Structure formats: structure tokens, C-alpha cells
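Novice: pasting the sequence and the predicted model now:
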Amino acid sequence: MEEKKWSELWLKYTEKEKRGNDKLIQGVYLKGFDASDAVVKSALEEWTAGLKGMYGMEPAMEENPNAGVLSLIRKADGRIRKEGYELLEQDGCLQLLAGDEKGLLYGVFHLLRLISMEKDLRGISLLCNPDNPLRMLNHWDNMDGSIERGYSGNSFFFEQDRVIVDGRTRDYARLAASVGINGVVINNVNVKQAATYLITDRYFAEMKAMAEIFAEYGIKLYLSLNYAATMELGGLDSADPLDPGVIAWWEKKMKEVFERIPNLGGFLVKADSEGRPGPFTYGRTQADGANMLADIVKPYGGIIIWRCFVYNCTQDWRDYKTDRARAGYDNFIKMDGDYHDNVILQIKNGPMDFQIREPISPLLGGLKKTNQMLEVQVAQEYTGHQIDVCYLIPMFKEILDFKTYCGGDLDTVADVISGRTMGNANAGIAAVCNTGNDFCWTGSELAAANFYGFGRLAFRTSLSAEEILEEWIRMSVSNEAEVVETIEKIMLPSRETYEKYTSPLGIGWMVTPHVHYGCSVDGYEYSRWGTYHRADHLGIGVDRSDKGTGYALQYYEPNASMYNKMESCPEELLLFFHHVPYTYVLKSNKTLIQHIYDSHFEGVEEVEEMIRLWESLQGKVDTGVYENVRRRFGMQLSNAKEWRDQVNSYFYRKSGIADERGRVIY
Ligand code: GCW
């Protein structure tokens, strides 16, 4: 067999300690499922491959659910829901009870995970229903093979305007399904060039082939749509959502598309954003645009996921009332309730753009009558480009746990996006994915933990960042306690470390414009109207209180008052909400300026410690993995030092206040 040019990541299936588990799984018994169903087949194939690799066993199909045989049984009741499953072992009988085919597949992956982690299957009793109906990955892959904000090589979906469907497509689907992903958007939300033609005859055959592979793993294919396709493909002179000619064109187009691409879930749309066309051009609302498309795809069971990343990037913000952070809410809140059933608004976790620390978007839960989905970014655009280690799951947990106070007991972001708050089914969570065609899929071997962790968290929001990390390490790197603990020590605090040596207390940016890696204190791409952070010789920060842009008031109480006042604003977000004097004393008893100095020195020291920890693993982890990470640590350390020196010297020069500890500030 040809050797694969890509890693198996957490599906390695190398030899494992059996711990008596082998006695429970000598054969397989199937009840209530059709063995020829595509998803069931995938589940059985995966089980077979996993056991062969990990235990050297080849279990046969059995006629009876005897002891020593794994029973796979369909059981949908109130407890085990769609896509859910239960694992039970008693008296030598191991059962996987599943609500449907997908539940069966997820249950099998769960068993394989336990086996891979060398856990004991005896006495197991676990019920797992997915928390979020939609668990999606969004790829920002372009048809030429480049990836917007990609740090892991080129696309494995596209190359020079061709669609790639090969062994890697299947392995991608296996990896995604193994963590519970059930929807994938393969092309960039910025639909340029050839991608507009994905909904034409030019690519239907490949789209169909890809959709079929995905379907075998319970994943629906989605595409990003060019809102102006009526003009760019259809030759019309308008994209006005209320124009009968435009509607007629889309009706014909969607009929063709859904006929030609089975298992197509629908579309993701970025309109009226960063130069993309949209309904605003025609004096229409976002709801007009989304509903027009949604009505047309409805007969085919399609959904329209409409992004809320709508803001005017050319706005003049010398006027203190103008604030990009306000834009999402201002643009979407008015039409709450106007969106049709099969529209979902996809909202970035923060009001700005995936910074290392941002408050939660007030639209999440702010909208009370509209389907909504959370968008997070696993691709490390502003969080280290998959060079710097940044385990993002603790941040995603924080976002999900945020209490919006939108009413009732079920008011966290997790409640809202899971559909629990409003009782809606079109809801969920999406991540901008961090994969590419390099060997380890994610640039840094360690960045795969974010891909893995996102899926696990989307499926079961209650899992902790620690549990998820441990699973990932044991499955991907090693079951050795020392290795597990050392990597945990490196990764669990890595988000705080990154935050320490980059932008302080929620201010964000300060990155090289457009590139978004490396320090540039004044470097915000839309900053022709002055610096983003508004630092002067007395202080720094953006006043978003009622005396400033008023952004803080977009939250429900008591969050609004909490953010509005400097004293009650959580300190990690202080500079996001307030313009604060350098001499302001923080809870730590340090002045703001001293905090800036200290945290930047600490950040670098923490990276040095991470490197020491990693070097202690030489010879204990795979050489390729070791070298991949070690190389990146070298770059991370230079990056951290560069940030420390630039930020500290910038604020030293601005404020004229020296470091209390007399350290050298360049
Ligand atoms: O801030 C921006 C990114 C863009 C991205 C955009 C978005 C796909 O820098 O690269 O475009 O966010 O989310 O649409």
C-alpha cells in the first residue's frame, strides 16, 4: 500500500495495552441497523481497523448478543436521542445503544477512543447526546489551493481550480466524524474567482463525490455562496433580494444544485462585509437577503447560515461614537424575529475579530427570536499562526459559559446556541478550521488539539478543557504519564501566556496589519483615522462606556452596568471598555503601566519554561513530532521577545514612567 502523506493524528491505531477489554469484544452483533447503510458500514469498518491496529484482533459478525460480543443495537427513546448513544457493560456484555446511524458511528469512535487511551471498558455506563444540533467546520480554502488565514500548507480540497477527492478526503471525514462534526463548509466565505462556479456544471460531479464521502461519515456538505452570483454567473444586472428576476434566477439555480449535489446541507453567506456584496447595496435589510435564499432552499431541506460579521471597515472613528464593536449588534438586532426558520445567524464570539481576549458578542442571546450559531476560530489568525502554542479550548469554554441574562435559567451562550433557550433546532457552533495539506494537518503538531478539542466540545459542552486535552495527548502522542503531564503543563496555560506577551487587558490588535502575526503597536489596518488603542501620554484604552461609544450598553443587565463602570469591569477586559490612566491601580496593587511591563516579561519567561518542558520530552515522543514543535518554539520565543520589547518600549516612551524593577526596556 502506498504510504500516506499525512498523519493519522488521533486515529493512529497503534498497539495498545488490552487490560482485559479484548474479552468483551470477540465478535460484533448488530440489531436494528442495516449493515449495508453507508454510515453503519463506516462504523463497522472503523471498528475493524481500530481493533486490528490496537489489539491485533479481527472480530467476526455474530448472530447472537452473547457475553464477549459487542452488541450494536438501535434504541431511540426519550433518553437516547438522534445522534446520541449509550455505552453499557454488565456481566461481560458490552452494548452500544444508538439513536440512529450517526449515533452508532459516534459510539464506535467513543469506544475506540477509550481503547486508544488504554481505559477499562468493564462497568462502563455512559449516555452521550450531542449538545449542539449543528457542529460545523468552516474552511476558508480558495480554489487556487491557498487558504485564507491558513498556516498548514495548502488546501486539500482544491488545487489550481480543481477539486481534490482522494484518500485524504476520506481521512478528513473520519477525523471530523470521530469528534462529532456533522457539517463542513469547504470553501472560503470570501467567494472569489472560480469558487462562484462550485454551483455550476463545471464542478457538480466533484461536489457530488465529495458530498457522498462526507455522507458516509454523517457529515453534510455546505458551500459558501457568492451573494452576487446573479450578476457574476447569471448575467443579471442586480442582486436585489426583492427583484423578481433575481428570485427567479435563484429558484432555477437551487433546483439544479440540490438535484446535482445530494446531501448538500445548504449555504454559508458573508454579505455586506469587507467588500463583499449584499442586500445593503439595494437598500434592503440583511433579513431580506437571508430570507430570499432561505425560502428558495427550503423545499430541499436546505438552510442558510448568514454571517453577522457586517461592519463598515472604512468608517471614520475620530468621532468617539463610532465603534466597530457596535456594528454587529446595531446591524442585526432590529430585525430580531424577522428571519425565517431555516436561517441561522452565525455570530463571531466577540464583537471585533477573534482577538486573544474579547468580551462576548452582545448579539449572542441579545437576539431572542432568531436562530443563532456561535463562530469561533480554531485557525490561529490572531493567536500565533500555529507557530506559537495556544490551546484555545479554555477560551471556548469561557465563551460558552458566559451568562447573557437573556431571560430564564437557560441563558448562557451554550444554552442559546444549543437551542435550549428558545427550543429551536437550527442552532449550533462552527469553527474556522486550522487544517491544510501538510503532513500533520495543522502546521504545528500541537495545534491539532484545537481541531480535536473543538469537535469534542461542540458535541459535549460540559467536557472540561483538561479532559479534552488529556484525551488528545493520549490518543495522538503518548499514554505515558510523564508525557501527558508535561504536555498539559505546556498547553493548559498557553492562552494566558500568549496574552501576556501580546496585547494587554483586552485591548487587542497591535499586530502587523493584514498578516496578524508579530507586533506592531499602532498597526491596525483600518487605522488611518488614528491608532486603534487610543494610547496617549496619560493612558490607553477605548472608552466604550455610556460616556464613550456606548457599546457596553448593548448587554443585558447586570452585564451592561458591570462593563460600563471601570471599577466593576473585569480587569482582563479593562482596556476594551475603558480609557485608563497608566497610574490606575489594579486589584493586584500594581499600576496599569507596571502590569504591562510585568506581564510582558512574564510571558517571555513562560515561553522559556515551555521550551524547557518540551526539551525534556526528547526521545520520549516521536522524533518528527518533537522536531516539528521544537522548531516552532524557537520562532515563538523570538516572537514573544519582539512583542515584549516593542510593547514595553512603546509604553515607556509614551508614559515616561520607568519600570519599578529597573529592568532593561529597549
Ligand atoms: O478579520 C477577518 C479576517 C479575514 C476573514 C474575515 C471574516 C475570511 O482577517 O481574513 O475573511 O475576518 O471572518 O470574514
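Specialist: Noted; the coordinates are in hand.

Novice: do you know the pLDDT at the nearest residue to residue 229 once chain neighbours are set aside?
Specialist: Nearest non-adjacent residue to residue 229, counting by CB to CB, 6 or more residues apart in numbering: residue 196, 5.9 Å away. C-beta: built from backbone N, CA, C; applies to glycine. Looking at residue 196, its pLDDT stands at 92.

Novice: look up phi and psi at residue 196.
Specialist: When read as degrees, to the nearest 10, the backbone of residue 196 gives phi -60, psi -30.

Novice: how many neighbours does it have?
Specialist: 19 (other CB atoms under 10 Å).

Novice: ok, it touching residue 226?
Specialist: Yes - between residue 196 and residue 226 there is a contact under CB atoms under 8 Å: 4.6 Å.

Novice: what segments of the stretch 301-450 of the chain are helices?
Specialist: Applying DSSP state H, counting those that start in this stretch to the stretch 301-450 of the chain gives helices spanning 327-332, 393-401, 413-418, 448-459.

Novice: tabulate the ones you listed (a markdown table), appending mean neighbour count and mean pLDDT.
Specialist: Shown next, in a markdown table, are these (neighbours: other CB atoms under 10 Å; pLDDT from 0 to 100):
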| stretch | mean neighbour count | mean pLDDT |
| --- | --- | --- |
| helix 327-332 | 21 | 93 |
| helix 393-401 | 21 | 98 |
| helix 413-418 | 25 | 98 |
| helix 448-459 | 26 | 98 |
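
Novice: with respect to residue 506, which of these lies nearest?
Specialist: Ranking the helices of the stretch 301-450 of the chain by proximity to residue 506 (CB to CB) places helix 393-401 first, at 12.6 Å.

Novice: hmm, back to that, measure the residue nearest to residue 229 to the ligand for me?
Specialist: From residue 196 across to the ligand, the span is 16 Å (CB to the nearest ligand atom, to the nearest Å).

Novice: report the contact partners of that residue.
Specialist: Counting by CB atoms under 8 Å, 6 or more residues apart in numbering, residue 196 touches 226, 229, 232, 233.

Novice: least confident of the residues you listed?
Specialist: Minimum pLDDT for these is recorded at residue 232 (92).

Novice: let me see the backbone angles for that one.
Specialist: phi -80, psi -30.

Novice: who's in contact with it?
Specialist: 196, 226.

Novice: quick one: low-confidence parts of the stretch 451-600 of the chain?
Specialist: Along the stretch 451-600 of the chain, segments meeting pLDDT under 70 span 527-529.

Novice: which stretches in it count as helices?
Specialist: 465-476, 481-491, 494-501, 559-564, 574-577, 592-615.

Novice: so which of the ones you listed gets nearest the ligand?
Specialist: Nearest to the ligand among the helices of the stretch 451-600 of the chain is helix 574-577; the distance by CB to the nearest ligand atom comes to 16.8 Å.

Novice: give me the residues contacting the closest one.
Specialist: For helix 574-577, contacts defined as CB under 8 Å, 6+ apart pick out 357-359, 504-508, 533, 540-545, 551-552, 563-564, 566, 569, 580, 586, 592.

Novice: and stretch 34-41, how far from the chain's centre?
Specialist: 30 Å (CA atoms, centre = their mean, to the nearest Å).

Novice: do stretch 549-567 as well
Specialist: With CA atoms, centre = their mean, you get 27 Å for stretch 549-567.

Novice: what's the spacing between the residue nearest the centre of the chain and residue 45?
Specialist: Closest residue to the average C-alpha location of the chain: residue 431 at 2.4 Å, with CA atoms, centre = their mean. Look at residue 431 and residue 45: by CB to CB, to the nearest Å, they are 27 Å apart.

Novice: now swap in residue 552 and tell me
Specialist: As judged by CB to CB, residue 552 and residue 45 stand 53 Å apart.

Novice: these two - which one has more neighbours?
Specialist: Set residue 552 next to residue 45 and count neighbours by other CB under 10 Å: residue 552 wins out with 26 against 13.

Novice: domain assignment for the protein?
Specialist: Domain assignment for the chain by automatic domain parsing gives 13-128, 134-235+252-270+283-310+324-461, 498-542+579-655.

Novice: any idea how far apart the tips of the second one sit?
Specialist: Length of domain 134-235+252-270+283-310+324-461, first residue to last, CA to CA, to the nearest Å: 13 Å.

Novice: ok, of the contacts of helix 574-577, which come out buried?
Specialist: Among the contacts of helix 574-577, those scoring as buried are 357-359, 504-508, 533, 540-545, 551-552, 563-564, 566, 569, 580, 592 (criterion: 16 or more other CB atoms under 10 Å).

Novice: which of those are close to the ligand?
Specialist: Checking the buried ones among the contacts of helix 574-577 against the ligand by CB under 6 Å from any ligand atom, not one of them is in range.

Novice: please name the residues that touch the residue in the stretch 451-600 of the chain that the ligand sits nearest to.
Specialist: Going by CB to the nearest ligand atom, the ligand is nearest to residue 516 of the stretch 451-600 of the chain, at 6.6 Å. Residue 516 makes contact with 149, 381, 382, 385 under the criterion CB under 8 Å, 6+ apart.

Novice: for residue 42, same thing?
Specialist: For residue 42, the contact set (CB under 8 Å, 6+ apart) comprises 105, 174, 177, 216, 217.

Novice: that one: what secondary structure?
Specialist: Three-state assignment for residue 42 (DSSP: H, G, I helix; E, B strand; the rest coil): helix.

Novice: find me the pLDDT at it, would you?
Specialist: Value for residue 42, per-residue pLDDT: 98.

Novice: what's the distance between it and residue 135?
Specialist: Separation of residue 42 from residue 135 (CB to CB): 17 Å.

Novice: then residue 225?
Specialist: 21 Å.

Novice: list the beta-bridge partners for the residue lying closest to residue 454 once chain neighbours are set aside.
Specialist: Counting by CB to CB, 6+ apart, residue 431 is the residue found nearest to residue 454 once chain neighbours are left out, at 4.6 Å. Beta bridges link residue 431 to residue 137, residue 376, judged by DSSP bridges.

Novice: longest helix in this protein, by residue count?
Specialist: helix 623-655 (DSSP state H).

Novice: what packs against that one?
Specialist: For helix 623-655, the packing partners by 3 or more CB pairs under 8 Å, 6 or more residues apart in numbering; DSSP states H and E come out as helix 494-501, helix 592-615.

Novice: just those helices: most buried one?
Specialist: helix 494-501 (a mean of 24; mean count of other CB atoms under 10 Å).

Novice: need the pLDDT of the residue in the chain positioned nearest to the ligand.
Specialist: At 4.3 Å from the ligand, residue 353 is the closest residue in the chain, using CB to the nearest ligand atom. Listed pLDDT for residue 353 reads 95.

Novice: pretty sure it contacts residue 376?
Specialist: No - assessed by CB under 8 Å, residue 353 is found out of contact with residue 376, at 11.9 Å.

Novice: more crowded one of these two?
Specialist: Taking neighbours as other CB under 10 Å, residue 353 and residue 376 compare with residue 376 leading, 23 against 18.

Novice: contact residues of the stretch 1-150 of the chain facing the ligand?
Specialist: 140, 148, 149.

Novice: so which of the contacts of residue 42 sit within helices?
Specialist: Per DSSP H, the subset of the contacts of residue 42 in helices is 105, 174, 177, 216.

Novice: in the longest helix of the chain, what counts as buried?
Specialist: 625-626, 628-629, 632-633, 636-637, 639-641, 643-648, 650-652, 654-655.

Novice: go on, stretch 271-285?
Specialist: Neighbour counts over stretch 271-285 (16+ other CB under 10 Å) mark 271, 272, 273, 276, 277, 278, 279, 280, 282, 284, 285 as buried.

Novice: same question for stretch 4-21.
Specialist: 6, 7, 8, 9, 10, 11, 12, 13, 16, 21.

Novice: quick one: common contacting residues for residue 196 and residue 226?
Specialist: Common neighbours of residue 196 and residue 226 (CB under 8 Å, 6+ apart) are 232, 233.

Novice: poorly predicted segments of the protein, please.
Specialist: When residues are selected by pLDDT under 70, those of the chain lie in 1-2, 313-321, 527-529.
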